[in-house]
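>>> The sequence and its predicted three-dimensional model are supplied below.
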Amino acid sequence: MQIKLFIIPATGGEQILEEMNAFMRGKKVLQVDQKLIGRKPNEACWCFSIGYVEDVAAAERERGKVDYRELLDPASFNRFSAMRVIRKELAQRDKVSPYIVFNDFELSELAKLDVITLEAMRAIKGIGEKKVEKYGQYFLPQSDAADPARELPPDSDSFGEGLKSLLDL
């Protein structure tokens, strides 16, 4: 935890107060202590001690941006792109964020596979049994697409197109 001090005059310290508020909006604040110092009105000021950590989520978003076009070979990137279409349709159907279905890392690992199987999915970090049960069937190759247990989301033309383009790769 880091600490930042702000000393704000009791009167006329609006600019410093705004700076403190802006600082706090950009950090994950863990603790705020305040104390009024000075007895005379023209000498009084508030001292704020702010315990914080950097906004971990924002830092990780910046650090975590990956260009999968550079990371994957062209064929794998095409499969990755098609899988993103499928993921988006599944997420819309289930009313969840796409990363709940599979995140980009998980999709990129799937795209690298020569043959996608449910067992291979389970071996990818982050893909557990629940994800495999709920979403795995939609990412299987064409030979498994004829499985009658494999139900596609109703009324979703773009889902079928995403699946078709994935299977044609």
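Good, I have the coordinates. Residues are numbered from 1 along each chain as shown.

>>> okay, CA-based contacts and neighbour counts for the rest of this
Noted.

>>> Helix, strand or coil: sort out K134 for me.
Three-state call for K134 (DSSP: H, G, I helix; E, B strand; the rest coil): helix.

>>> residues near it, how many?
11 (other C-alpha atoms under 10 Å).

>>> Same question for the one 3 residues further on.
Q137 sits with 20 neighbouring residues when counted by other C-alpha under 10 Å.

>>> That one falls within a helix, correct?
Yes. Q137 sits within a helix when classified using three-state DSSP.

>>> SS state for the residue located most distally from the centre of the chain?
Distance from the C-alpha centroid of the chain, by C-alpha atoms, centre = their mean, peaks at K40 (51.0 Å). With three-state DSSP as the basis, the three-state label of K40 is coil.

>>> how much space between E54 and I16?
Per C-alpha to C-alpha, to the nearest Å, E54 is found 20 Å from I16.

>>> which non-adjacent residue is nearest K131?
Computed as C-alpha to C-alpha, 6 or more residues apart in numbering, the closest residue to K131 that is not its neighbour in sequence is V101, at 6.9 Å.

>>> what about the protein, any weak spots by pLDDT?
Applying pLDDT under 70 to the chain flags residues 55-64, 142-169.

>>> can you pull out the strands in it?
2-9, 27-37, 45-54 (DSSP state E).

>>> For L71, which of those is the nearest?
strand 45-54 (28.5 Å; C-alpha to C-alpha).

>>> hang on, V53 packs against R25?
No. Using C-alpha atoms under 8 Å, V53 is not in contact with R25; the gap is 11.8 Å.

>>> So I3 is in contact with Y52, correct?
Yes. Counting by C-alpha under 8 Å, I3 touches Y52, with 6.2 Å between them.

>>> can you pull out the helices in this protein?
14-25, 56-63, 68-71, 74-94, 98-101, 104-112, 118-122, 129-135, 142-145, 157-168 (DSSP state H).

>>> Rebuild those helices as TSV, extending it with distance to L36.
Formatted as TSV, the helices of the chain follow (distance: least, C-alpha to C-alpha, whole Å):
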stretch	distance to L36
helix 14-25	14
helix 56-63	31
helix 68-71	53
helix 74-94	52
helix 98-101	47
helix 104-112	50
helix 118-122	58
helix 129-135	54
helix 142-145	70
helix 157-168	62
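
>>> Nearest residue to the middle of the protein?
Note: the chain centre (C-alpha atoms, centre = their mean) maps to Y99, 6.5 Å.

>>> And that residue, how far from R87?
Distance of Y99 to R87, computed by C-alpha to C-alpha: 8 Å.
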